[in-house]
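Asks: Pasting a predicted model and its sequence here:
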Amino acid sequence: MEKKQFKAESKRLLDIVVNSIYTNREIFLRELISNASDAIDKIYYKTLVDDSLVFEKDNYYIKVVLDKKNRVLKIIDTGIGMTKEELDENLGTIAKSGSLQFKKENTLKDGYDIIGQFGVGFYSAFLVADKVAVITKAFGSDKAYKWESQGVDGYTIEECEKDSVGTEIILNIKDNTEDENFDDYLDEYRLRYIIKKYSDFIRYPIKMDMNRKRLKDGSENEYEDYIEEETINSMVPIWRKNKNELTDEDYNNFYFEKHYGFDKPIKHMHLSIDGAVRYNAILYIPEKIPYDFYTKEYEKGLELYSNGVLIMNKCGDLLPDYFGFVKGIVDSEDLSLNISREILQHDRQLRFIAKNIKNKIKKELENMLKNERDKYEIFYKSFGRQLKYGVYSDFGANKEDLQDLLMFYSSKEKKMVTLDEYISRMPQEQKYIYYAAGESIERIDKLPQTEIVSDKGYEILYFTDDVDEFAIRMMMKYKDKEFKSVSSGDLGIESEEKTQESDEKENKELFEAMKDILSEKVKYVKSSKRLKTHPVCLSNDGDLTIEMEKILNSMPTGQKVEADKILEINVNHDVFKSLKEAYESDKDKFKLYTDILYNQALLIEGLTISDPVEFTNNICKIMK
Ligand SMILES: Nc1ncnc2c1ncn2[C@@H]1O[C@H](COP(=O)(O)OP(=O)(O)OP(=O)(O)O)[C@@H](O)[C@H]1O
């Protein structure tokens with residue numbers, strides 16, 4: 001028998017295929033099964049154009065057969081087979097794709113696209129096998145042929161016996177090496193896992209004989225081995241099914257099967273897009289935060305399929321970070337795949353799909369906020385923080401997309417409200433959107449700085465997440481209204497302005513004396529226009545608020561920052577009278593009061609006191 005050489009370039013190419021195109025050996029099975037599926041599709045197309053032929057679906061399948069003892073793995077199909085010439089052309093010339101040619105010669109029906117296109121997939125068999133044989137009988141032919149090769153040194157073709165039309169790929173699995181356990185590819189459970197992983201949605205059944213145990217007839221404790229043929233793949237992907245045929249339960253089951261989460265998804269979306277780029281997708285918004293969501297280990301992304309074959313487990317490019325909680329799959333026939341079937345890095349179609357998906361998720365969330373408020377609040381509790389990160393990151397590039405999805409706790413409504421709801425309730429003269437930042441709702445409720453704003457009847461939004469203040473700084477405004485912290489120097493509340501000016505003049509020297517005592521700790525001391533019942537509070541001058549100072553300083557790598565603090569005194573408070581008397585008659589007492597008041601203001605803000613012992617000693621002094 002004549003041994004043929006692969007064409008010269010082919011030799012090099014074969015080496016490239018085996019050693020560098022595929023990063024993962026297990027994909028050989030995906031490639032061979034895809035070829036088998038293509039071969040059956042080709043028969044199917046023939047029956048479409050030839051009225052004398054009928055396509056009996058039951059006769060078409062792929063079977064994976066294992067012979068552990070002889071280290072042989074077979075992939076058998078009942079597809080179109082190959083003639084001698086086709087064997088020579090398709091398997092003798094690397095990078096020659098009979099499938100691509102078939103595609104060019106036939107107009108294919110939507111959704112039934114042939115997978116092969118590069119003409120290299122077959123050779124991935126050499127990733128796991130040291131010898132590959134192909135026994136095939138072409139449709140319409142009465143002769144069968146055997147192609148055989150041990151890799152780069154060439155191949156042989158000879159006539160052989162085969163009863164039915166179709167192809168058998170016979171792999172002699174390599175012996176184990178130090179780094180590689182090839183026995184994996186002779187393990188039925190491992191093979192079943194690989195088939196499920198990559199080829200679950202191949203249209204034709206992929207069968208395999210599975211060894212099982214069962215109780216012997218009539219026995220209660222004696223077992224016997226038996227073999228059962230199992231169809232391993234699900235075949236019809238749920239995303240190709242008609243939405244009307246599917247129930248919530250079907251979608252939820254798919255979510256569990258795919259291990260997207262242990263919770264029940266709060267929403268699912270089923271998209272069938274038939275535009276410039278065609279794709280199907282099933283997306284889920286989970287209810288609960290995955291345990292690792294806010295860690296570095298969490299990897300966002302959607303499963304990506306091309307024609308029902310898995311391309312990527314987690315395609316991160318399909319989701320913006322702020323929607324990183326979304327789970328699901330995308331299947332498209334229109335992707336430009338590279339030769340190893342990993343997506344091209346800057347794929348135009350992929351970017352198109354990603355943009356489309358982003359808009360769909362946004363719309364879905366908007367609808368949920370509008371029509372299913374309770375559900376949205378559950379969602380927001382889990383992932384609201386992520387949306388706020390989204391507003392903050394990328395220098396605010398996405399704020400327009402996200403601002404209407406934000407919610408904050410309202411001092412007036414005692415529940416979560418949107419910015420739009422806040423604005424719509426604002427009295428005419430109110431200039432700003434007021435907010436107060438703090439650790440918790442209870443704590444902010446008690447903040448002295450909120451008094452005057454609340455008294456004016458204005459609503460205050462409570463910022464309890466680290467990211468809140470940073471996010472709205474990035475937004476700056478919402479519908480032309482600026483945000484204003486209740487602790488900021490100027491509150492923009494006019495009626496108080498005049499009295500404060502006269503108080504300021506009257507007590508100028510006293511305030512300066514206090515500033516001298518406190519020195520660098522405060523920028524200056526002034527009479528407060530925001531306090532009513534409390535004697536003191538801190539406010540800030542400039543962009544960095546006290547809450548932001550706390551957050552930035554608590555970050556492990558952050559450098560220490562300090563907000564410019566102003567000590568505000570309530571001149572109408574009884575304590576102020578005592579302070580004034582002390583200023584006029586007893587300088588030591590004045591210093592004591594100043595220190596105590598300053599430290600009290602720190603405590604109210606949740607800041608630490610530099611010398612707690614001195615503080616308690618000071619309190620004891622005034623109690624004597
Ligand atoms: N099981 C099979 N039955 C019939 N023809 C086959 C079979 N396997 C491979 N072929 C033929 O051999 C050709 C080369 O296969 P190969 O897997 O190398 O490339 P491909 O499937 O065309 O492209 P890709 O590299 O994208 O998978 C196929 O195009 C097809 O014509």
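Replies: It's in.
Asks: can we go C-alpha only for contacts and neighbour counts from here?
Replies: Will do.
Asks: Nearest residue to Lys481 in space, please, no chain neighbours.
Replies: Using Cα to Cα, 6 or more residues apart in numbering and skipping residues adjacent in sequence, the residue nearest Lys481 is Tyr432, 5.7 Å away.
Asks: OK, contacts around that neighbour?
Replies: Going by Cα atoms under 8 Å, 6 or more residues apart in numbering, Tyr432 touches 481-484, 492.
Asks: how about 10 Å then?
Replies: 423, 426, 458, 477-478, 480-485, 491-493 (Cα atoms under 10 Å, 6 or more residues apart in numbering).
Asks: Sort out which of these are buried, if you could.
Replies: When the contacts of Tyr432 are checked for burial by 16 or more other Cα atoms under 10 Å, the buried set is 423, 458, 478, 483-485, 491, 493.
Asks: And the furthest pair within these?
Replies: Greatest spatial distance among the buried ones among the contacts of Tyr432 (Cα to Cα): Tyr478 and Ile493, at 19.3 Å.
Asks: quick one: average confidence on stretch 159-174?
Replies: Mean per-residue pLDDT for stretch 159-174: 97.
Asks: For it, buried residues please.
Replies: 162, 165-174.
Asks: Which members of those residues define the maximum pairwise distance?
Replies: So, the buried residues of stretch 159-174 by Cα to Cα: farthest apart are Val165 and Lys174, at 28.6 Å.
Asks: which stretches of the stretch 501-624 of the chain form helices?
Replies: Taking DSSP state H, counting those that start in this stretch as the criterion, the stretch 501-624 of the chain contains helices spanning 508-518, 546-554, 574-585, 587-605, 612-623.
Asks: Make TSV from these and add distance to Lys207, mean pLDDT and mean neighbour count to it.
Replies: Below are those laid out as TSV (distance: least, Cα to Cα, whole Å; pLDDT from 0 to 100; neighbours: other Cα atoms under 10 Å):
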stretch	distance to Lys207	mean pLDDT	mean neighbour count
helix 508-518	82	92	17
helix 546-554	58	79	18
helix 574-585	86	92	15
helix 587-605	68	92	19
helix 612-623	75	89	12
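Asks: How about the residues of the protein by the ligand?
Replies: With Cα under 6 Å from any ligand atom as the criterion, the chain meets the ligand at residues 31, 35-36, 39, 79-82, 90-91, 97-100, 116-123, 167.
Asks: got any ranges where the protein has weak pLDDT?
Replies: For the chain, applying pLDDT under 70 flags the ranges 1-2, 6-13, 17, 94-95, 107-113, 118, 338-346, 494-501, 557-559.
Asks: and it, what are its domains?
Replies: According to automatic domain parsing, the chain comprises the domains 8-230, 238-373, 406-485, 499-623.
Asks: distance between the ends of stretch 529-539?
Replies: Distance between the two ends of stretch 529-539: 11 Å, counting by Cα to Cα, to the nearest Å.
Asks: Please spell out which residues along it are buried.
Replies: Neighbour-count burial for stretch 529-539, counted by 16+ other Cα under 10 Å, picks out 529-532, 534-539.
Asks: Looking at the residues you listed, which one is closest to the ligand?
Replies: Distance to the ligand across those (Cα to the nearest ligand atom) is lowest for Ser539, with 66.0 Å.
Asks: Surely the closest one touches Leu531?
Replies: No. The criterion here is Cα atoms under 10 Å, and Ser539 misses it with Leu531 at 11.2 Å.
Asks: Return every residue with contacts to both of the two.
Replies: Counting by Cα under 10 Å, 6+ apart, the residues touching both Ser539 and Leu531 are 449, 568.
Asks: Need phi/psi at Tyr409.
Replies: Dihedral pair for Tyr409: phi -70, psi 140, per degrees, to the nearest 10.
Asks: can you list the contacts of Tyr432 in TSV and add secondary structure?
Replies: Below are the contacts of Tyr432 laid out as TSV (DSSP: H, G, I helix; E, B strand; the rest coil):
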residue	secondary structure
Ile423	helix
Met426	coil
Tyr458	coil
Lys477	strand
Tyr478	strand
Asp480	coil
Lys481	strand
Glu482	strand
Phe483	strand
Lys484	strand
Ser485	strand
Leu491	coil
Gly492	coil
Ile493	coil
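Asks: Could you identify the most distant pair in those residues?
Replies: Longest span within those, Cα to Cα: Tyr478 and Ile493, 19.3 Å.
Asks: Which of the helices or strands spans the residue of the stretch 401-550 of the chain found nearest the ligand?
Replies: Proximity of the stretch 401-550 of the chain to the ligand (Cα to the nearest ligand atom) peaks at Asp401, 38.9 Å away. Per DSSP states H and E: Asp401 is located in helix 399-402.
Asks: could you pull out the helices for the stretch 201-350 of the chain?
Replies: 248-257, 348-371.
Asks: so of the ones you listed, which one's packed in deepest?
Replies: When the helices of the stretch 201-350 of the chain are scored by mean count of other Cα atoms under 10 Å, the highest mean neighbour count falls to helix 348-371 (a mean of 16).
Asks: Does anything pack onto that helix? Which helices or strands?
Replies: With contacts taken as 3 or more Cα pairs under 10 Å, 6 or more residues apart in numbering; DSSP states H and E, helix 348-371 sits against strand 267-274, strand 278-285, strand 327-332, helix 373-392, helix 399-402.
Asks: Could you dump the ones you listed into CSV with mean neighbour count and distance to Asp179 added?
Replies: Converted to CSV, these look like this (neighbours: other Cα atoms under 10 Å; distance: least, Cα to Cα, whole Å):
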stretch, mean neighbour count, distance to Asp179
strand 267-274, 17, 43
strand 278-285, 22, 38
strand 327-332, 23, 33
helix 373-392, 19, 42
helix 399-402, 16, 49
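Asks: Of these, which is nearest Ile517?
Replies: Nearest to Ile517 among the helices and strands packed on helix 348-371 is helix 373-392; the distance by Cα to Cα comes to 39.2 Å.
Asks: Run the chain-centre distance for that closest one.
Replies: For helix 373-392, the separation from the chain centroid amounts to 14 Å (computed by Cα atoms, centre = their mean, to the nearest Å).
Asks: now swap in stretch 24-37 and tell me
Replies: Centroid separation for stretch 24-37 versus its chain: 28 Å, with Cα atoms, centre = their mean.
Asks: quick one: buried residues of it?
Replies: Going by neighbour count (16+ other Cα under 10 Å), the buried part of stretch 24-37 is 25-37.
Asks: With stretch 121-133 instead?
Replies: In stretch 121-133, the ones that count as buried by 16+ other Cα under 10 Å are 121-129, 131-133.
Asks: Number of residues surrounding Asn570?
Replies: 21 (other Cα atoms under 10 Å).
Asks: is it true that it touches Phe511?
Replies: No. Assessed by Cα under 10 Å, Asn570 is found out of contact with Phe511, at 11.9 Å.
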